[in-house]
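Trainee: Have a look at this prediction, sequence included:
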Amino acid sequence: MMWIALIPLLPALAFAAMLPMSRRIRTAARWLPLAAMSGSLALSVAAFLQVWPGGGEEPVWGVSTVLATLGGAPVAVSMRLDPVTAVMLLVVTIVGVCVQVYSLGYMHREERQGWYFAVLALFSAAMLLLVLAGDFLLLYMSWEVMGLCSYLLIGFWHEQDAPRRASIKAFLTTRVGDVGFAIGLAAMWSYAHSFDFAVVLHGTTWAVGAATLVSLGLLAGAMGKSAQVPLHVWLPDAMAGPTPASALIHAATMVAAGVYLVARALPLFHAAAPWVLVFVMFVGASTAVLGGILAMVQYDIKKVLAYSTISQLGYMFIALGAGGEVAALFHLTTHAFFKSLLFLGAGVIIHATHTQDIREMGGLRKVMPWTTGTFLFGALALSGVFPFSGFWSKDDILMTLWTQGTWYSLATLVVALLVAAMTAFYMTRVCVRVFGGPVCSLARESHLEMVAPMAVLAGITAVIGFSSPAFAAFLGEVKGWPDLTMAVVGSLAATAGIGLGVWVYAFAGVDTQALRLRFPRVAVVLDRGFYFDLTYNRGLVEAFVWLADRLSAFDARVVDGMVNAAGRGWSAVSSSSWTFDARVVDGAVNGLAALVRRAGERVRTLQAGRVQSYQRLGYAGLLAGLGLAVLAPYIGVLAAAGCALAGLVVIGAVIVRGA
Amino acid sequence: MTVGPVAFMALAALLFCIGLFGALTKKSAVLVLMSLELMTNAVNLNLVAISRFVTPASMAGQFAASFVIVVAAAEIGLGLALVLALYKLRRTVELDRIDRLRG
């Protein structure tokens, strides 16, 4: 069964192979990640068949290796294959392959497309490893690798300002949540001395306080990754990246990793204080509402889908808060397919019309029938229309809330229905604007490699909903077909939204511009996205910049000042030392040298190189010595004087002659 | 009139002084060599005279003088050979101009 480890390994190898390539060769190798992902898909299907018929959480396969020993306890990373993993593997590989095929068409004009495909492969590897992880440590590792890939892909066009800023914003915002994740992991280790799912979730008796701390930490990480309020701000900006990357990462898989994490750790949340799950539900509800409201007022088609993703992720958190991990995972699955489908459709539309503004689009149903058809499938699924997949998963979540029956779950049920209506409304708005009306441009239907993946996803979207009971059974939950009443209520909400949308946009029942003018304050608040970005900029970013400026000034004035003062002091000391050297030490040496030189110059004149002058000196010395020797005993003045006179005569004659 | 030893010694001293003067002052190396001959001959004169007047029985002074003559002849031969070699090398025998050992 070790072949299961190949599932994340294949795309990782593709990335490793592409990493050292030159740009040209990498472009030629753009199909390599697709081949790897296809292999992973085949293996995932095989893995799914191994798990079939599922039921329960027992892993059918596991492997573990000890990384280190920490405080006497082994730190192990492990992989495991259980029903949840099998489902997630299928979701990730199917969407991944579709996006890879689509990207071949979408990115084929890009110069750096090789890098795009390589990072996409790395991302797929990380996501597959994340769902295969059997412990929180490995999950966290692949979680961070995904964050890196998200950063790289959002900033793919890093020569432009907006993608660069968006990539940094996404990275930093998710990092805020990841700090909580890391704290939660540390608390988990200090309490349970293990990261393993089985040990932490089922083999440990948790104290309420510890479980609360750990689950809040994990929740913080999940909120960052899954763009929950108030950490949702990065996801709309992340749309600056290539659209297929948005489809895979920011709609189908990575942003769903937070939901997956909470779903995995749900036993821990149950062990925590009761208000933690209520808090999860509250976060989900507020995110769903906020995303829904903002999706209704966006004009950028990708931003609509981004806010819609935020809203739907909120939906999943609602389900998690109600303890419905199966409902959440089912919605995750259906959402992965129909939202990636919508994003791929949006990419085709953007390519064809060269704009992202839905006000500048129109009439595309006449020129792009395939795109229109598949996009409508996705829109209907997202709106929760029977029999498309969204209907079933949304119904599951509504039923989970209903069966819980507490006052807050019922209140959330009302909110969820409202969000369902809003969802249907804004999708209708997009569809009417984009596909209805007169033809706006010379748009043409796209290539096969871009339409075919959309058709596949549309097919899945159309039928996967019927697997609802089987899906629940596979994950070990007994559930029948949807309750008729709830189905009707949910459908009514969707119908109301669609009807309102058709009335407002297709029949121009309401002049939206007039509404904007009539309620300017509301319009500004909505345009600004409830001032989240502004608040963060004012409160955090500017504060940090201010602090950084102050610290920089402190550095420049005080620290640099100290260093410079020390430098100047030493400079003064050394210059006086130099003066001492130059004057005193060198002076002594030079003075001695000059003395010797002058003496030498005097003396050297004696050595004129003339034999006769030496002879003269020699005889003069001989005479002087003889004189002394002879005259010393006789003090007679006359004799001495006579000899001296004779000597003087000789010397004088010699000198006169010599000169 | 008899000639005493002092007269010989005075003549020898005169010869020696003339030789010394020549050796110290002449420019030409040949003249310097000739001056040296004068000085050795002054010594020879002294040797012969002192031998004659102090020890007439012995001929030691005369022998010594003849040795000096032989050695002086060899010396002058060597000296002149050196002067010739010097002349070949420097094209001059003026001692004033042979000053390569000047410091």
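Mentor: Yep, that arrived.
Trainee: Helix, strand, or coil at the closest residue in space to residue A:2 that isn't next to it in sequence?
Mentor: Distances taken as CB to CB, 6 or more residues apart in numbering or on different chains place residue A:63 nearest to residue A:2, at 7.0 Å, with adjacent residues excluded. C-beta coordinates here come from the backbone N, C-alpha and C atoms, glycine included. At residue A:63 the chain is in strand, as set by DSSP: H, G, I helix; E, B strand; the rest coil.
Trainee: Residue A:63 contacts residue A:3, correct?
Mentor: No - between residue A:63 and residue A:3 there is no contact under CB atoms under 8 Å: 11.3 Å.
Trainee: who has more neighbours, these two?
Mentor: Between residue A:63 and residue A:3, counting by other CB atoms under 10 Å in any protein chain shown, residue A:63 is the more crowded of the two (15 against 11).
Trainee: Kindly state the pLDDT recorded for residue A:634?
Mentor: Residue A:634 is assigned a pLDDT of 67 by the prediction.
Trainee: So which elements touch the helix or strand hosting residue A:115?
Mentor: Secondary structure from DSSP states H and E places residue A:115 in helix A:113-132. The elements that helix A:113-132 packs onto, with contact taken as 3 or more CB pairs under 8 Å, 6 or more residues apart in numbering or on different chains; DSSP states H and E, are helix A:6-18, helix A:23-28, helix A:32-51, strand A:73-81, helix A:83-106, helix A:136-154, helix A:257-264.
Trainee: Can you say which of the ones you listed is nearest to chain B?
Mentor: The minimum distance between chain B and these falls on helix A:23-28, with 78.3 Å, by CB to the nearest CB.
Trainee: buried ones in stretch A:74-91?
Mentor: For stretch A:74-91, the neighbour count (16 or more other CB atoms under 10 Å in any protein chain shown) marks A:75-91 as buried.
Trainee: All the helices of chain B, in order from the start?
Mentor: B:5-25, B:29-54, B:60-90 (DSSP state H).
Trainee: Quick test: name the residue nearest the centre of chain B.
Mentor: With distances taken as CA atoms, centre = their mean, chain B has residue B:37 as the residue nearest its mean C-alpha position (2.7 Å).
Trainee: what sits against that residue?
Mentor: Contact partners of residue B:37, counting by CB atoms under 8 Å, 6 or more residues apart in numbering or on different chains, are B:19, B:72, B:76.
Trainee: could you check the distance from it over to residue A:154?
Mentor: Noted for residue B:37: a distance of 117 Å to residue A:154, by CB to CB, to the nearest Å.
Trainee: Likewise for residue A:607?
Mentor: Taking CB to CB, one finds residue A:607 at 92 Å from residue A:154.
Trainee: now residue A:264
Mentor: Taking CB to CB, one finds residue A:264 at 26 Å from residue A:154.
Trainee: where does chain B dip in pLDDT?
Mentor: B:1, B:103 (pLDDT under 70).
Trainee: re the thing from before, ranking the helices of chain B by burial, who's on top?
Mentor: With neighbours defined as mean count of other CB atoms under 10 Å in any protein chain shown, the helices of chain B peak in mean count at helix B:29-54, which reaches a mean of 18.
Trainee: So what's the gap between the longest helix anywhere in chain A and the chain middle?
Mentor: Scanning chain A for the helix with the most residues, using DSSP H, yields helix A:161-192. Mean C-alpha position of helix A:161-192 versus that of the full chain (CA atoms, centre = their mean, to the nearest Å) differs by 9 Å.
Trainee: Quick check: buried residues in that helix?
Mentor: Buried, per 16+ other CB under 10 Å, within helix A:161-192: A:163, A:166-167, A:169-171, A:173-178, A:180-185, A:187-189, A:191-192.
Trainee: cool, and stretch A:388-408?
Mentor: A:388-402, A:404.
Trainee: Using PDB, write out every CA atom in that stretch.
Mentor: Extracted in PDB, the C-alpha atoms of stretch A:388-408 (Å, rounded to 0.1, in the frame of the first residue of the first chain):
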ATOM      1  CA  PHE A 388     -27.600  20.500  -9.100                       C
ATOM      2  CA  SER A 389     -25.100  19.600  -6.400                       C
ATOM      3  CA  GLY A 390     -25.300  22.800  -4.400                       C
ATOM      4  CA  PHE A 391     -29.000  22.100  -3.600                       C
ATOM      5  CA  TRP A 392     -28.100  18.900  -1.900                       C
ATOM      6  CA  SER A 393     -25.200  20.100   0.200                       C
ATOM      7  CA  LYS A 394     -27.000  23.300   1.200                       C
ATOM      8  CA  ASP A 395     -30.000  21.200   2.200                       C
ATOM      9  CA  ASP A 396     -27.700  19.100   4.300                       C
ATOM     10  CA  ILE A 397     -26.400  22.100   6.200                       C
ATOM     11  CA  LEU A 398     -29.900  23.500   6.700                       C
ATOM     12  CA  MET A 399     -31.000  20.100   8.000                       C
ATOM     13  CA  THR A 400     -28.100  20.000  10.400                       C
ATOM     14  CA  LEU A 401     -29.100  23.400  11.800                       C
ATOM     15  CA  TRP A 402     -32.700  22.300  12.000                       C
ATOM     16  CA  THR A 403     -32.000  19.100  13.800                       C
ATOM     17  CA  GLN A 404     -29.700  20.700  16.400                       C
ATOM     18  CA  GLY A 405     -32.700  22.800  17.400                       C
ATOM     19  CA  THR A 406     -31.100  25.300  19.700                       C
ATOM     20  CA  TRP A 407     -32.200  28.900  19.500                       C
ATOM     21  CA  TYR A 408     -28.900  30.000  17.900                       C
END
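Trainee: could you give me the average pLDDT of it?
Mentor: 91.
Trainee: circling back: how close does the residue nearest to the centre of chain B get to residue B:23?
Mentor: 10 Å.
Trainee: for residue A:138, same thing?
Mentor: 113 Å.
Trainee: Residue A:438 should be in a strand, yeah?
Mentor: No - looking at residue A:438 with three-state DSSP, it is coil, so not inside a strand.
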